[in-house]
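>>> give me the fold of what follows.
(one chain, ligands or ions: 1)
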Amino acid sequence: MATLQPPPAPDAASAIQAFSTSARQAFEDFLEGHSSRYHISRQKRANIISLLIDDQRAPINQIEHSQRHHAVHSFRYDAASDILLALPSEGHSGERQVVVQEEIFKVIEQEHLLSKHAGQNMTWAAIRNTYYGIARGEVEYLVKQCEICHKKALNRSRGPFIPIISTELFERV
Ligand SMILES: [Zn+2]
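Here you go, the predicted model:
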């Protein structure tokens with residue numbers, strides 16, 4: 001069984017610097033406007049959990065029977081810590097923590113800060129094996145808004161300028 005990392009400590013100071021209020025609002029609008037079948041609403045999460053913990057009761061009808069079948073083969077509920085986990089599936093060897101839509105921003109932000117602003121691909125790599133309910137396009141959308149990454153990119157584009165010149169000068173001597 002895969003062990004889940006404990007939730008990282010919130011880093012409020014750098015969170016404020018990384019994503020402005022308007023960037024966060026734009027991201028929430030983006031989520032609303034691009035409904036994904038991977039999104040898990042609070043209601044859907046509650047439904048899955050009730051199907052899992054209620055498994056001794058006979059299903060009311062065929063629909064509930066197949067819903068329960070799907071839930072049991074796709075998810076596991078850890079009642080002690082109130083964590084819903086997606087079971088291993090194709091492309092995912094370990095269990096992943098289910099993230100409801102309202103928490104997508106917080107999770108991407110945390111993982112992006114933990115990666116020390118390593119970029120879209122690194123942030124996505126950290127998320128895809130740990131969490132269920134977040135799409136790659138959402139990670140890319142939000143990381144593009146990171147103001148610290150923008151500053152780093154600006155510094156990089158200025159940074160190598162001097163060394164290149166000095167190398168050219170050296171070669172001419
Ligand atoms: Zn960043």
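
>>> for this protein, what lies in contact range of the ion?
Contact residues, the chain versus the ion (CB under 5 Å from the ion): 117, 146, 148-149. C-beta: built from backbone N, CA, C; applies to glycine.

>>> generate a PyMOL selection restricted to the buried entries among these.
A single PyMOL command selects the buried members of those (16 or more other CB atoms under 10 Å):
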select buried, resi 117+146+149
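
>>> kindly reformat the residues of the chain next to the ion as CSV containing distance to residue 92, pLDDT and secondary structure.
Shown next, in CSV, are the residues of the chain next to the ion (distance: CB to CB, whole Å; pLDDT from 0 to 100; DSSP: H, G, I helix; E, B strand; the rest coil):
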residue, distance to residue 92, pLDDT, secondary structure
117, 26, 93, coil
146, 26, 95, coil
148, 30, 93, helix
149, 27, 93, helix
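
>>> A helix includes residue 44, no?
Yes: assessed by DSSP: H, G, I helix; E, B strand; the rest coil, residue 44 belongs to a helix.

>>> can you pull the contacts of it?
Listed by CB atoms under 8 Å, 6 or more residues apart in numbering, residue 44 has no contact partners.

>>> distance of it relative to residue 76?
Going from residue 44 to residue 76 by CB to CB, to the nearest Å gives 16 Å.

>>> re the thing from before, which two of the residues of the chain next to the ion have the greatest separation?
117 and 146 (6.5 Å; CB to CB).

>>> what is in contact with these two at once?
residue 18.

>>> pLDDT-wise, which helix or strand of the chain ranks last?
The weakest-scoring helix or strand in the chain, judged by mean pLDDT, DSSP states H and E, is helix 161-172 (a mean of 49).

>>> so where's the protein uncertain?
1-16, 55, 159-173 (pLDDT under 70).

>>> ok, 90 please
1-17, 34-38, 54-65, 91, 119, 150-173 (pLDDT under 90).

>>> do you have the helices of it handy? List them.
12-18, 21-33, 42-53, 62-74, 104-114, 120-128, 136-143, 147-158, 161-172 (DSSP state H).

>>> isn't residue 53 up against residue 79?
Yes: with contact defined as CB atoms under 8 Å, residue 53 reaches residue 79; the gap is 7.0 Å.

>>> any idea how far the ion is from residue 56?
48 Å (CB to the ion, to the nearest Å).

>>> give me the number of residues near that residue?
Using other CB atoms under 10 Å, residue 56 has 5 neighbouring residues.

>>> ditto for residue 68
Counted with other CB under 10 Å, residue 68 comes out at 18.
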